[in-house]
Structure formats: C-alpha cells, structure tokens
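> Have a look; sequence and predicted model below, questions after that.
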Amino acid sequence: FNRHNHELMERESSFHEEEEDSGGAGVYSIDVAVRVRPLNHLEVGELSTVRVVDDRMVVVLDPGKLEGQDEDYLRANRSRERRYAFDHAFGETSSQEEVYRATTQKLIAGVMDGFNASCFAYGATGAGKTYTMLGKVARPGCMVLTVGELFERIAAADDRRFRVYLTYLEVYNENIRDLLNPASGSLELREDPVKGVCVAGITEFCTGTVGETMDLLHRGNLNRTVEPTKKNETSSRSHAVLQIMVEQRNRTADVREEVRVGKLSLVDLAGSERASATDNRGARLVEGANINRSLLALANCINALASESEAAARGGRGGRRRGRASFVPYRDSKLTRLLKDSFGGNTRTVMITNVSPAANQYEETVNSLKYANRAKDIQTKVERNVVDLDAHVAQYQNIIRELRQEVTDLKQRLAAASASAAAPPPPTVLP
C-alpha cells in the first residue's frame, strides 16, 4: 500500500508541474484517466468490484474472494485487491463535465497556439467509451464539449485570425473510410515529411461555427458502423478518429506571415471483446477479430514505448548513455499508424480508460487497467508547429487593402472615444 501511495504522490506532483505549463512546449507523460461506469440493466444482481479512492486511485476487488469461492489453502493469504494510481479517477456518479474539465479541456489552449494534442477512449466493449466521447443530447461528451469551447475561445480572440477545418474517419476491418464522404471508398495511409502520417484522399471540411461542426459530426456518426452484440446493444464496430486542425495568424496582414498550425485528434476506439462472451457469429465474429488485432497492436506499441521511456529514465539517473531504442511495431495495424504521433511523436496525449465494475467483467477490467497503468510511463516531446509564409507579389494589393481598412477602423474607434470624452457631463439635478 505504501508503494502505491508513493507512486500516487509522484504522479500528482508531475501532473501539477505540467498543469502550470499547460499547452506549452516540453516533455510530457501521457495523462491517464480512468472512468468507472454504473452497472447497466444487463448486470443487475452482479457484484460491484471497482472502487475509486481520493479521485486518483482505483481499487479492483477479486469477485472470487468476495463470494468466498476461493478454497485454495496455499493462496488463502493472497491479497484480495489490486491497486492502480492514475492522474484522475472518476467514480460511477461522475458527470460528463467533470471528465471533460479534467482531461480534454486543458488541450484546447495548446491546439489554438500551434501544438498537437490527442484524447482517446480505451476499454472493453460496453465499458462506456462512446458515451464518454460523444455522449447524449442532454449530456454531451468530450468531442461535443471540446468543439463548443474551441469556437467560444476563437470568438473571444480579437487579435488573431483562425481557420478551422476537420476530418472524420473510421478504421473498420483494417480499412479506412471517410465518414463525411463514404462514397470515396477505402483510403490509404501515406507518410508525409511535413505532416507525418496522413490519409490520402480524405475530405477536409472548413467550418466557421459550432453549428456547422456539430452537423458534420452528426453526419459522420450516422455513417459509422454500429451493430448490436450480446454485451452491447449499440456496439461500435470500428475505431472513429475526429481530427480538428486550427490555423492561427496575426490579424494584421504582413508580407511575411507566421502561421501556427495545431491538430487535435479525438479518438473513440472500438472495445476489445471475447467471442465466447459476446456470442458473435459470422460478420460480427470477423469484426471482433479485427478489433482485437488492432488493439493488440496498440498494446504492443504501448509496452514498447513504456519500456523505452523507463530505460531512458534509468540511464538518465545512472549517468549512463541511453541504450539502443526498442522497436515499436506501428505498422502492425492501420490504427497504430494513425496514432503514431499520439504516442511517440509531437503530441500532448490524454487517455481515458473506461471500465465496468461488474464482477463478470473482472478480467476485462483488470486488463484495461494494466495497459492504462503501462501507458502512463510513456513520454512525448511537444513542440509548436510554425510555418513561415512569404506573400507573392500578386497578394501585395490585398495586404495593402487590409492594412488600410484596419487603419480606417482604428481611426473611427479613436474618434468615437474622443467624442465621448469631450462631451459635456449631464447637468446635475439638485433636490
């Protein structure tokens, strides 16, 4: 127990240090949060085996011990619980707003300032990932709340110009589909020396308001592959990735222009599942196999990156040179290639792990928490994305026109302020 308390204090101190410089350049550990959902109608009568302590620690109780089914004498004194320390832990009564404020909200300022960020939901099937990311009409999730606050902050920034455009895709059976343009068919991944991993042929939609963005998000969700299973009536059969790109420019036009480009990736992963538990057959069985394959590749990448970060930390403490970097199998799945920057690149990353407290989900819950506990050791180096643009001669007239318009506006505001200052005060009415 003391070891877990010590680990909890270390995670808490490092988290507060990162919060003080939220959104800035530097080296960050992946911010890991765990959300425990309430028991659903399919789990009525099941024991609740997960406890949240001090909003940081998650305790998982062994259902076999709780029910007194373990009669093995040699393991009688074995610990009956598993403890994990995370940056955030949300209990069954936590609201969507609480999860959003602690996870995704702090990424918005950095994205507007030219930094990359990502937030993804991880967990077993039926654990509540889609609810956390998308939510309901009355209780919107992280994706919806992020879009709303992003445009609020853009509207309040008077000294900058912003351009927002987005893409929305899904990875279904190891095929990439554009959710906003399904007629484009299966798309391919490409390596770009500037942008990194990108999807060739995907449609980018420029949006200027919250309403337009919500309409695009709703349209993409209608095209997403969702099918009922034994564990979940609205099971997502694909991984959905919403990418929002934000370009920031000075409001004052200039011949040489600095553009800051930030990218926010919001990922709703499909849940891992066991065929014996979900009773899948035919197409559902094939979908489940491909989902598990991509999530296994993701878990292998997490293990490799965590081992590399731990080795680098040990080498730094011991004053020795860093050894040979371990191989990270990004190419084992299209999902891991898409998330390459989120784990090992120039991105500030938040991972929300969703778990069920039901006793019959004990193995899935422990596996999800193990990978979440592993992911918190991964570190990413974040840098601002800045592009310097030189205006062409043909654009000089437009720049001059914009500067003249800005001078005219400033003169009008100055004249209005002077007129109000020079106006005589209203007469004082004596009693």
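The structure has been received and is ready for your questions.
> Buried residues in stretch 124-139, which are they?
124, 125, 126, 127, 128, 129, 130, 131, 132, 133, 134, 135 (16 or more other Cβ atoms under 10 Å). C-beta: built from backbone N, CA, C; applies to glycine.
> So which of these is the closest to residue 46?
Ranked by distance to residue 46 (Cβ to Cβ), these are led by residue 126 at 12.8 Å.
> Was I right to think the closest one contacts residue 228?
No: using Cβ atoms under 8 Å, residue 126 is not in contact with residue 228, being 11.2 Å away.
> which neighbours do the two share?
Common contact partners of residue 126 and residue 228 (Cβ atoms under 8 Å, 6 or more residues apart in numbering): residue 235.
> which residues touch residue 243?
So residue 243 contacts 166, 167, 168, 263, 264, 265, 266 (Cβ under 8 Å, 6+ apart).
> swap the cut-off to 7 Å and go again
166, 167, 263, 265 (Cβ atoms under 7 Å, 6 or more residues apart in numbering).
> Identify each buried residue in the helix or strand hosting the last one, please.
Using DSSP states H and E, residue 265 sits within strand 256-268. Neighbour-count burial for strand 256-268, with 16+ other Cβ under 10 Å as criterion, is recorded at 257, 259, 260, 261, 262, 263, 264, 265, 266, 267, 268.
> any weak-confidence spans in the stretch 251-400 of the chain?
For the stretch 251-400 of the chain, the stretches with pLDDT under 70 are 252-256, 275-280, 315-325, 389-397, 399.
> hmm, 50 instead?
321 (pLDDT under 50).
> those strands in it, which residues are they?
Taking DSSP state E, counting those that start in this stretch as the test, the strands found in the stretch 251-400 of the chain are 256-268, 348-355, 379-382, 386-390.
> do the same with the stretch 101-250 of the chain
Going by DSSP E, counting those that start in this stretch, the stretch 101-250 of the chain shows strands at 117-123, 160-172, 175-178, 186-192, 196-200, 205-207, 226-227, 235-236, 239-250.
> Alpha carbons only: can I get the longest one in CSV?
Pointing back at strand 160-172 there. Below are the C-alpha coordinates for strand 160-172, written out as CSV (Å, rounded to 0.1, in the frame of the first residue of the first chain):
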residue,chain,number,x,y,z
ARG,A,160,-5.8,36.7,-34.0
ARG,A,161,-7.4,35.2,-37.1
PHE,A,162,-8.3,31.5,-37.0
ARG,A,163,-9.2,28.9,-39.7
VAL,A,164,-10.7,25.6,-38.6
TYR,A,165,-11.1,22.5,-40.7
LEU,A,166,-11.7,18.9,-39.8
THR,A,167,-11.7,15.3,-41.0
TYR,A,168,-13.7,12.4,-39.6
LEU,A,169,-12.8,8.7,-40.4
GLU,A,170,-13.2,5.2,-39.1
VAL,A,171,-11.0,2.1,-39.2
TYR,A,172,-13.3,-0.8,-40.0
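> and the angle from that strand to strand 186-192?
Going by axes from the mean of the first three to the mean of the last three Cα atoms, to 10 degrees, strand 160-172 is angled at 130 degrees with respect to strand 186-192.
> Residue 149 touches residue 106, doesn't it?
No: here residue 149 lies out of contact with residue 106, judged by Cβ atoms under 7 Å, at a distance of 10.9 Å.
> So those two - more neighbours on which side?
residue 106 (18 against 15; other Cβ atoms under 10 Å).
> Show me what the longest helix anywhere in the chain is packed against.
As assigned by DSSP state H, the longest helix anywhere in the chain is helix 283-318. Judged by 3 or more Cβ pairs under 7 Å, 6 or more residues apart in numbering; DSSP states H and E, helix 283-318 is in contact with helix 275-278, helix 334-338, helix 340-344, helix 362-375.
> Adding mean neighbour count, write the ones you listed out as CSV.
Shown next, in CSV, are the helices and strands packed on helix 283-318 (neighbours: other Cβ atoms under 10 Å):
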stretch, mean neighbour count
helix 275-278, 14
helix 334-338, 23
helix 340-344, 22
helix 362-375, 20
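> which ones are touching the spatially most central residue of the chain?
Nearest to the centroid of the C-alpha atoms of the chain, with distances taken as Cα atoms, centre = their mean, sits residue 119, at 0.6 Å. Residues counted as contacts of residue 119 (Cβ under 7 Å, 6+ apart) are 103, 104, 107, 142, 266, 350, 352.
> Out of these, which two sit at the greatest distance?
Going by Cβ to Cβ, the pair spanning the contacts of residue 119 furthest: 107 and 352, at 12.2 Å.
> and which of the contacts of residue 119 is nearest residue 412?
residue 107 (38.1 Å).
> how close does the closest one get to residue 349?
Relative to residue 349, residue 107 is positioned 9 Å away (Cβ to Cβ, to the nearest Å).
> do residue 283 as well
According to Cβ to Cβ, residue 283 stands 33 Å off from residue 349.
> So the two - more neighbours on which side?
residue 349 (27 against 11).
> Tell me the bridge partners for the more buried one.
residue 118 (DSSP bridges).
> Could you pull up the contacting residues of residue 159?
Counted by Cβ under 7 Å, 6+ apart, residue 159 has contacts residue 251.
> Quick check, pLDDT for it.
Residue 159 is assigned 81 on the pLDDT scale.
> Offset the numbering so it begins at 344, please.
OK, 344 is where the count begins now, so the last one is residue 502.
> Would you map the helices across the stretch 394-543 of the chain?
406-409, 439-445, 451-455, 472-476, 485-499 (DSSP state H, counting those that start in this stretch).
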